[in-house]
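Undergrad: give me a 3D structure for the following:
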Amino acid sequence: MVKAAVIGASGYAGAELCRILSGHPDCELTGVFVSSKSEDLGKRVSDLYGSLYGICDLVLQAVPDAASLADIADCVFLATDHRVSHDLAPLLIEHGVKVFDLSGAFRIQDLDVFAKAYGFAHEHEALLREAVYALPEHTDHEQIRAARLLSLPGCYPTASQTALNPLIDGQLLDLSYRPVIDAVSGVSGAGRKAKLASSFCEVSMNAYGVFTHRHQPEIAEHLGTQVIFTPHLGPFKRGILATITARLRAGVGKAEVSAAYEKAYAHTPCVRFKHSLPYLSDVQGTPFCDVGFCVSDDGYIIAVAAIDNLLKGASAQAVQVFNIANGFDECSGLL
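TA: The predicted structure is shown next:
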């Protein structure tokens, strides 16, 4: 039985981690933590999320020092702000605790790009180089098992890379044309803290972070090619639908594209390749990413990926990677 703790357990992704890990057959959730300044300190997780009553009734405690965490946990899930993860991860690793980081603190290798995207200089370059970026369908599982620090992809990058990786790996795209990613996310992607823009009466359908969103350099770095990425906020709670337009190489058609997706995802339990375009409603509340595509007569492809941003885009994917790291069934605790 692997002992695990969650830091940032009061947020949406943290609560989903608490739910999944509490029911995991090979995991014991030994601690749930928040900042010492959090208004949720001292409350039970189920006080904040009534659906977890009787499932996770642990009391939210202030984050202790790394040595104390090492006494109660073999691994820690960081569902925290980027700067908090940046500061905590090295301390935990020094004490022999395996870290699954859901923040962006260790996703981007280029220090200058990182600083521009996240607004602070990275102070742990060696650990940044060591961290394994863990998109489980496209990261070597032996690397995941050996890693001390697993950096989980962002929600938009998960959907975008899942749709594009087979096309790029198969050399099916004319990359002189940048792939264009238009992705819409539910309001939970903005987090639990109250904000005017995500309040009930203010939410609309709008683009944001145009040419400036921090997920753009993450997507580009891990795809190995530049993209045009435009995120949108949608008037719904959860989920991401990414619609991607790209140019196919001469002579590439539907058969070659379908074969590339079949090859990539024939044996991946959490990615479902469909011969139709995905519906967001089919993945909400699940650990799946659904992928489909259409090809035009003049050589363009539209690929679509749908995920639950809090699950395959965050917590379920973190547990999927946890399972791989520990040699468990990849979907243990998820289905």
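Undergrad: when you work out contacts or count neighbours from here on, use the C-alpha atoms and nothing else.
TA: Fine.
Undergrad: residues in contact with Ser315?
TA: By Cα atoms under 8 Å, 6 or more residues apart in numbering, Ser315 lies in contact with Ala13, Gly14, Glu16, Leu17, Leu102.
Undergrad: for it, grab phi and psi.
TA: Main-chain dihedrals, Ser315, degrees, to the nearest 10: phi -70, psi -40.
Undergrad: and the two most separated of the contacts of Ser315?
TA: Glu16 and Leu102 (12.2 Å; Cα to Cα).
Undergrad: look at these two and report which has more neighbours.
TA: Remark: of Glu16 and Leu102, Leu102 carries more neighbours, 28 against 20, as counted by other Cα atoms under 10 Å.
Undergrad: save the contacts of Ser315 as CSV, and put in secondary structure too.
TA: Shown next, in CSV, are the contacts of Ser315 (DSSP: H, G, I helix; E, B strand; the rest coil):
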residue, secondary structure
Ala13, helix
Gly14, helix
Glu16, helix
Leu17, helix
Leu102, coil
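Undergrad: which one of the residues you listed is nearest Glu137?
TA: Leu102 (16.9 Å).
Undergrad: determine the longest helix present in this protein.
TA: Using DSSP state H, we find that the single longest helix of the chain is helix 155-169.
Undergrad: and the contacts of that one?
TA: Contacting residues not belonging to helix 155-169 are listed as 135, 173, 181, 183, 215-216, 218-219, 222-223, 240-242, 244, 257, 260-261, 264, 289, 291-292, 303-307, 309-310, 312-314 [Cα under 8 Å, 6+ apart].
Undergrad: swap the cut-off to 7 Å and go again
TA: 173, 215, 218-219, 223, 242, 257, 260-261, 264, 291, 303-307, 309, 313-314 (Cα atoms under 7 Å, 6 or more residues apart in numbering).
Undergrad: stretch 187-205 now?
TA: For stretch 187-205, using Cα under 7 Å, 6+ apart, the contacting residues are Gly11, Tyr12, His232, Leu233, Gly234, Pro235, Phe236, Lys237, Arg238, Asn309.
Undergrad: pLDDT averaged over that stretch - what is it?
TA: Stretch 187-205 carries an average pLDDT of 82.
Undergrad: what does stretch 275-289 give?
TA: Averaged over stretch 275-289, pLDDT sits at 97.
Undergrad: circling back: out of the contacts of helix 155-169, name the ones that lie in strands.
TA: Judged by DSSP state E, the subset of the contacts of helix 155-169 located in strands is Ala242, Val291, Ala303, Val304, Ala305, Ala306, Ile307.
Undergrad: quick one: which two of the residues you listed are the most distant?
TA: Spanning the widest gap among the ones in strands among the contacts of helix 155-169 are Ala303 and Ile307, at 13.6 Å by Cα to Cα.
Undergrad: please identify which of the two sits among more neighbours.
TA: Neighbours per residue (other Cα under 10 Å) separate Ala303 from Ile307, with Ile307 holding more: 33 against 23.
Undergrad: can you tell me the closest non-neighbouring residue to the more buried one?
TA: The shortest distance from Ile307 to any non-neighbouring residue, by Cα to Cα, 6 or more residues apart in numbering, is to Cys289 (4.8 Å).
Undergrad: quick one, what contacts that neighbour?
TA: Contacts for Cys289 (Cα under 7 Å, 6+ apart) come out as Cys270, Val271, Arg272, Val283, Ala305, Ala306, Ile307, Lys312.
Undergrad: neighbours around the closest residue to the last one other than its chain neighbours, how many?
TA: Residue nearest to Lys312 in three dimensions, not counting chain neighbours: Pro287, with 4.8 Å by Cα to Cα, 6+ apart. Pro287 is surrounded by 26 other residues when neighbours are defined as other Cα under 10 Å.
Undergrad: distance-wise, check Pro287 relative to Thr158.
TA: 12 Å (Cα to Cα, to the nearest Å).
Undergrad: try Leu58
TA: Leu58 is 30 Å from Thr158, where distance means Cα to Cα.
Undergrad: out of these two, which sits in the busier spot?
TA: For Leu58 and Thr158, the more surrounded residue by other Cα under 10 Å is Thr158, and the numbers stand at 26 against 21.
Undergrad: just the pLDDT for the more buried one.
TA: 98.
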